[in-house]
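Enquirer: sequence and predicted structure below; questions after.
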Amino acid sequence: MSFNPCRHIFGPVPSRRLGLSLGVDLIPHKVCSFDCIYCECGRTTRCTIHREDFFPGDEVLRELFRALDEVDALDYITFSGSGEPTLCRGLETLVDAIKSEFPSRRIALLTNSSLLHIPEVRASLKKIDVVLPSLDAATNDAFQSINRPHPGLGVDMIIDGLARLRRELRNQIWLEILFVRGMNDSPAELRALRRAVSKINPDRVQLNTIDRPPASRNALPVSPDEMEVIRDALDLPGTEIIAAFSGHRPSVQILDEIPDTILEALKRRPLTLEDLRSITGKSAAELNKFLRVLEEKNAIRRETRERGVFYRVV
């Protein structure tokens, strides 16, 4: 069984950190508090730190509940998408509604940590099972170079907000650090990150690097061997290098039409053929037919990266 294309729900998609994840997008495309050079969604078009109700909450819940009624193989409902989800003022209300209607479903949230210094933002996360915040830098120079934040934000504010979240939140916190070659991988930067992470005390520290086509061509990945060196240099408990996704595929196809499925997925982030197979449950041969048609229409284009060929919306 399947349902029509959604405005706010995407997936299930394979996640290297969360397994099979049904995404919930609460923010218009690229409304964010950062303009990260590595962002797979492209450049930020509206940089803000002001929280709003961007979409009607009942509209989001209608789409989500319809999806959850039809999806069985699922690890997490994940607030993520193409902007910073904590900018949504109604986040806590949405979480409460999901927990009331589907109490057994686990909820995760991906955040750039930029608003965690605000008490009501931290309070809105208390019922989320896993919060996955990021901290890419612990010095202001690296923070400005990598994250290109809103002028109202500073790296000390980010670190302090994360530390406060840890003190107030009983559920899991998995901190991600994404390394960009030549920007946050020097011994001095690693020492600063180690001090910051020790202050935050997350349940896990997940090390990552650029995997998909980034917003800036100057953003380069760190090699696997260098990632091992970084992990050893940080010498922090609960530290892991994020591995490639390996898991089950969804037992249903979420969207009615394969071309719509592909385009909706690629609007959020570039994907490989294998990613699209996991999302749709279709074979490579079937998907290649649709990909060729979409390329001929100039709706999508391909980019070759270290991990292979990625498709993205034009």
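Expert: Received, thanks.

Enquirer: going along the chain, name the helices of the chain.
Expert: 57-70, 91-101, 119-123, 140-147, 155-168, 187-200, 224-234, 258-268, 273-280, 284-296 (DSSP state H).

Enquirer: redo these as a markdown table? Include distance to residue 15, mean pLDDT and mean neighbour count.
Expert: Just so you know, the C-beta spots here come from the backbone N, C-alpha and C atoms, and that holds for glycine as well. Output for the helices of the chain, formatted as a markdown table (distance: least, C-beta to C-beta, whole Å; pLDDT from 0 to 100; neighbours: other C-beta atoms under 10 Å):
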| stretch | distance to residue 15 | mean pLDDT | mean neighbour count |
| --- | --- | --- | --- |
| helix 57-70 | 16 | 90 | 16 |
| helix 91-101 | 18 | 96 | 16 |
| helix 119-123 | 23 | 97 | 15 |
| helix 140-147 | 22 | 97 | 18 |
| helix 155-168 | 21 | 97 | 19 |
| helix 187-200 | 22 | 97 | 17 |
| helix 224-234 | 19 | 94 | 14 |
| helix 258-268 | 12 | 72 | 19 |
| helix 273-280 | 10 | 74 | 20 |
| helix 284-296 | 20 | 75 | 14 |
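
Enquirer: among those, which is nearest residue 83?
Expert: The closest of these to residue 83 is helix 258-268. By C-beta to C-beta, the value is 10.4 Å.

Enquirer: what residues sit buried inside stretch 213-222?
Expert: Using 16 or more other C-beta atoms under 10 Å as the test for burial, stretch 213-222 gives 213-216, 219-222.

Enquirer: actually stretch 29-45, sorry about that
Expert: 29-42, 44.

Enquirer: if we can go back for a sec, I'd like the helices of the chain as CSV, with distance to residue 24 appended.
Expert: Below are those laid out as CSV (distance: least, C-beta to C-beta, whole Å):
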stretch, distance to residue 24
helix 57-70, 6
helix 91-101, 8
helix 119-123, 17
helix 140-147, 23
helix 155-168, 20
helix 187-200, 25
helix 224-234, 30
helix 258-268, 11
helix 273-280, 15
helix 284-296, 25
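
Enquirer: residue 306 is nearest to which of those?
Expert: helix 224-234 (9.9 Å).

Enquirer: excluding chain neighbours, what is closest to residue 161?
Expert: Distances taken as C-beta to C-beta, 6 or more residues apart in numbering put residue 116 closest to residue 161, at 3.2 Å, once the chain neighbours are dropped.

Enquirer: so residue 139 sits right up against residue 192, yeah?
Expert: Yes - the pair residue 139 / residue 192 is scored as a contact, 5.0 Å apart, by C-beta atoms under 8 Å.

Enquirer: which residues are in contact with both of the two?
Expert: Residues touching both residue 139 and residue 192 by C-beta atoms under 8 Å, 6 or more residues apart in numbering: none at all.

Enquirer: so the residue nearest to residue 161 versus residue 177, what's the distance?
Expert: 16 Å (C-beta to C-beta, to the nearest Å).

Enquirer: those two: who's more crowded?
Expert: Between residue 116 and residue 177, counting by other C-beta atoms under 10 Å, residue 116 is the more crowded of the two (26 against 23).

Enquirer: pretty sure that one contacts residue 166?
Expert: No - counting by C-beta under 8 Å, residue 116 stays clear of residue 166, with 9.8 Å between them.

Enquirer: between the helices of the chain, which one is nearest to residue 129?
Expert: helix 91-101 (9.6 Å).

Enquirer: quick check: angle from the closest one to helix 57-70?
Expert: On the basis of axes from the mean of the first three to the mean of the last three C-alpha atoms, to 10 degrees, helix 91-101 is oriented at 30 degrees to helix 57-70.

Enquirer: just the CA coordinates for helix 91-101, please, in CSV.
Expert: In CSV, the C-alpha atoms belonging to helix 91-101 read as follows (Å, rounded to 0.1, in the frame of the first residue of the first chain):
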residue,chain,number,x,y,z
LEU,A,91,8.0,21.4,17.9
GLU,A,92,7.0,20.4,21.4
THR,A,93,3.3,20.2,20.5
LEU,A,94,4.1,18.0,17.5
VAL,A,95,6.3,15.6,19.6
ASP,A,96,3.5,15.4,22.2
ALA,A,97,0.9,14.5,19.6
ILE,A,98,3.2,11.8,18.1
LYS,A,99,3.9,10.2,21.5
SER,A,100,0.2,10.3,22.3
GLU,A,101,-0.9,8.6,19.0
